[in-house]
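Student: Sequence plus the predicted model coming up.
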Protein chains: 2
Amino acid sequence: MTTPYLLALDWGTSNLRASLLDGSGHAIDHRSAPGGVMAVKNGQFSAALLALCGDWITQFDCPLMASGMIGSRQGWKEAPYLDCPATIVQAAAGLTSVTIETTDTGKPAPQLHIVAGLKCVDAAGEFDVMRGEEIQIWGAGLPPQSCCVLPGTHSKWAWLGNGGEVSQFRTFMTGELYGLLTQHGILGRLMDFEAAQKTFHRDAFAAGVQLGLKGHAQMSHAIFAARTAGLMGRIVPAGLPDYLSGILIGAEISGATLDGKPVGGVTLIGDDGLCVRYEAALEVAGIEAKRALDGTTTRGQWLVAVAAGLVRPSP
Amino acid sequence: MTTPYLLALDWGTSNLRASLLDGSGHAIDHRSAPGGVMAVKNGQFSAALLALCGDWITQFDCPLMASGMIGSRQGWKEAPYLDCPATIVQAAAGLTSVTIETTDTGKPAPQLHIVAGLKCVDAAGEFDVMRGEEIQIWGAGLPPQSCCVLPGTHSKWAWLGNGGEVSQFRTFMTGELYGLLTQHGILGRLMDFEAAQKTFHRDAFAAGVQLGLKGHAQMSHAIFAARTAGLMGRIVPAGLPDYLSGILIGAEISGATLDGKPVGGVTLIGDDGLCVRYEAALEVAGIEAKRALDGTTTRGQWLVAVAAGLVRPSP
């Protein structure tokens, strides 16, 4: 096996994913467990970590880095948010360290370095926060003055400045709203989810995006169309979930681009299924979309570790 | 007992409310049961009605009128939506009748007259619908060219034309969104509902309204402030529910008044607790609010029955 240079942990709310990286930052091995922050009781984070990769820690004498909700108040130790504009150099200087409690007394107790999340203030003077997405942004290798979108439960739009720093970002609760409205709300009653899952109803989705794009200024009205379009037979029950998804994503796109469409389009970072959906929506909106390469999380962890001097890339 | 002139039913999704009205349209007696449309199995609507007020039907030979979801596809018989602009005269002409199945064979089987809901087409070309609220609008005695708001799970804004007709209306899913986000969503996790219920956090609510008013064009971002304000300690956990409520109502108000604030303010129609909240929000928005008198539902049913010639008011 190639010598590991870094043990990188993506430690979120639900899952703990560990990757061993080689001297170029490429993943050699992966492991994961449902040992997310919410699953760890009584602060037993050392035990959860050792259960997944105690053997790696004993065997390889490499630094450990973690990103994600492990750095939140509910996590191992709070890694205070960095203010935007924020650079990867500041992220590297802002690591929060904890000691891993091992029974292996032969050498100094290993340290885990936790990456800070980011915070900013929006146009309305309200805070916005991210934790876990920032490492993907660092890892995506985005050019200066670009814009990226990380679709998800809480979708994030981030804008980079002249020096590649994250100058601003915005959270949109698109995925959560979709889940709540379809699983627990009245809109779901007219929907045929079983039939919906079999195919992507592209026309219904595109119609929803169009509506969301122009109706974003009265979004709590626009989403009601996912009921009336069903009642009036305009959209078939199997198409209604995609129609609603389109309305919400369309409203997100209009809301995120109030100050104008991003010059040079946006880079999508995330899982394939969601990115396909956002690509379709951005096309309707007339915004060019490209995809980040896979592996943005470990790439970001690697780059922060290098910037922090924790690892020295192999020549 | 004064002679009843009309047996008026407010037959919604969850409840069935019956009122006996005198020759001036005033309520003489009331009864209600949890026999809403959703609770009636196998189309047993006659039985549900007779269980609540079969004795009234036998004893008093007065016409019967119903409004609400009983006229929906899931109800007794679909009363097709009237298109806007719609007048009370059209509502009276558009009643849908069903026969009540009684075992009382001594006289002709009584008829129940169901009031139609309204539909309109919004600026985006989408349908909007109401069923049950229209009767309250007819009953509120609003002046021509006025605007009224019926707060609720699905809040309705309606605009009346020169002749008192309902020319347009818009639905906002404000109450449903609030319920979903607080009961099933991530925003609820930081909220202290027990403490919140003890008092109306007017300052937190007003701050939310301000944010919703200016942030309505990116509403799925604005609501995230109900998380960050909690995380950053800007709003106490007991104030967060009212803060979120304010954001949603503020966004509704801005969304409903995109074409300008209603000249002469708005009339609120609904339950006291919600109206207090909307009055506070409208004040922040600089829109004058007044309240409709109580009893808009039976007043509306009475006026439609008179317009339909079903009853002749006592001299």
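Tutor: Done, it's in.
Student: Need the distance between the two termini of stretch A:73-93.
Tutor: With C-alpha to C-alpha, to the nearest Å as the measure, stretch A:73-93 spans 20 Å from end to end.
Student: What is the neighbour count of the nearest residue to residue A:140 once chain neighbours are set aside?
Tutor: Spatial nearest neighbour of residue A:140, excluding adjacent residues (C-beta to C-beta, 6 or more residues apart in numbering or on different chains): residue A:292 at 4.2 Å. C-beta: built from backbone N, CA, C; applies to glycine. Look at residue A:292: counted by other C-beta atoms under 10 Å in any protein chain shown, it has 20 neighbours.
Student: Hmm, residue A:266 and residue A:292 touching each other?
Tutor: No: Residue A:292 is beyond contact range of residue A:266, at 10.4 Å (criterion: C-beta atoms under 8 Å).
Student: Between those two, which contacts overlap?
Tutor: Residues touching both residue A:292 and residue A:266 by C-beta atoms under 8 Å, 6 or more residues apart in numbering or on different chains: residue A:148.
Student: Close to chain B: what parts of the stretch 101-250 of chain A are there?
Tutor: A:122, A:124, A:126-129, A:153-154, A:170-174, A:176-177, A:180-181, A:183-186, A:211, A:214-225, A:228-229, A:231-232, A:234, A:248 (C-beta under 8 Å from any C-beta of the partner chain).
Student: Could you turn the buried ones of those residues into a PyMOL selection?
Tutor: If you want just the buried ones from those in PyMOL, going by 16 or more other C-beta atoms under 10 Å in any protein chain shown, the selection is:
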select buried, chain A and resi 122+126+127+128+129+154+170+171+172+173+174+176+177+180+181+185+186+211+214+215+216+217+218+219+220+221+222+223+224+225+228+229+234+248
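Student: pLDDT value on the closest residue to residue A:79 other than its chain neighbours, please?
Tutor: Distance criterion C-beta to C-beta, 6+ apart; nearest residue to residue A:79, sequence neighbours excluded, is residue A:71 at 3.4 Å. Predicted confidence (pLDDT) for residue A:71: 97.
Student: ok, the residue nearest to the spatial centre of chain A to chain B distance?
Tutor: With distances taken as C-alpha atoms, centre = their mean, residue A:133 lies nearest the centre of chain A, 4.0 Å away. Residue A:133 is 13 Å from chain B, where distance means C-beta to the nearest C-beta, to the nearest Å.
Student: List the contacts of residue A:39.
Tutor: Here residue A:39 is in contact with A:14, A:48 (C-beta under 8 Å, 6+ apart).
Student: which ones are touching the residue with the largest distance to the centre of chain A?
Tutor: Within chain A, residue A:106 marks the point farthest from the mean C-alpha position, 38.2 Å out by C-alpha atoms, centre = their mean. Neighbour list for residue A:106: empty [criterion: C-beta under 8 Å, 6+ apart].
Student: tell me the SS of it?
Tutor: For residue A:106, the assignment made with DSSP: H, G, I helix; E, B strand; the rest coil gives coil.
Student: State the distance from it to residue A:112.
Tutor: Residue A:106 sits at a distance of 19 Å from residue A:112 (criterion: C-beta to C-beta, to the nearest Å).
Student: Could you check which helix or strand contains residue A:138?
Tutor: Assigned by DSSP states H and E, residue A:138 belongs to helix A:133-139.
Student: Restricting to C-alpha, output that helix in PDB.
Tutor: C-alpha atoms of helix A:133-139 as PDB (Å, rounded to 0.1, in the frame of the first residue of the first chain):
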ATOM      1  CA  GLU A 133     -19.700  22.900   2.200                       C
ATOM      2  CA  GLU A 134     -16.700  25.300   2.500                       C
ATOM      3  CA  ILE A 135     -14.300  22.300   2.200                       C
ATOM      4  CA  GLN A 136     -16.000  21.300  -1.100                       C
ATOM      5  CA  ILE A 137     -15.600  24.900  -2.400                       C
ATOM      6  CA  TRP A 138     -11.900  24.900  -1.400                       C
ATOM      7  CA  GLY A 139     -11.600  21.500  -3.200                       C
END
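Student: Next up, the contacts around residue A:85.
Tutor: A:161, A:165-168.
Student: quick one, phi/psi of it?
Tutor: phi -70, psi 140 (degrees, to the nearest 10).
Student: picking that back up, not counting its own residues, what contacts the helix holding residue A:138?
Tutor: Residues contacting helix A:133-139 (C-beta under 8 Å, 6+ apart): A:10, A:67-68, A:86, A:88, A:91, A:115-118, A:148, A:150, A:156, A:158, A:160, A:166, A:269, A:292, A:295-304.
Student: Show me the residues you listed that map onto helices.
Tutor: Taking DSSP state H, the ones among these that sit in helices are A:88, A:91, A:296-304.
Student: now those residues as CSV including distance to chain B, neighbour count and pLDDT?
Tutor: Output for those, formatted as CSV (distance: C-beta to the nearest C-beta, whole Å; neighbours: other C-beta atoms under 10 Å in any protein chain shown; pLDDT from 0 to 100):
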residue, distance to chain B, neighbour count, pLDDT
A:88, 23, 21, 96
A:91, 19, 25, 97
A:296, 23, 23, 97
A:297, 22, 24, 97
A:298, 26, 25, 97
A:299, 27, 23, 97
A:300, 23, 27, 98
A:301, 24, 27, 98
A:302, 29, 29, 98
A:303, 27, 18, 98
A:304, 23, 29, 98
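Student: picking up where we left off before, I'd like to know which of the contacts of residue A:85 are part of strands.
Tutor: A:166-168 (DSSP state E).
Student: if we can go back for a sec, the residues of the stretch 101-250 of chain A next to chain B in helices, which ones?
Tutor: A:174, A:176-177, A:180-181, A:183-184, A:211, A:214-215, A:219-222, A:225, A:228-229, A:231, A:248.
Student: Which residue, other than its chain neighbours, is closest to residue A:258?
Tutor: residue B:217 (6.0 Å).
Student: same check, this time on residue A:62
Tutor: Using C-beta to C-beta, 6+ apart, the closest residue to residue A:62 is residue A:4 (5.0 Å).
Student: do the same with residue A:93
Tutor: residue A:308 (7.3 Å).
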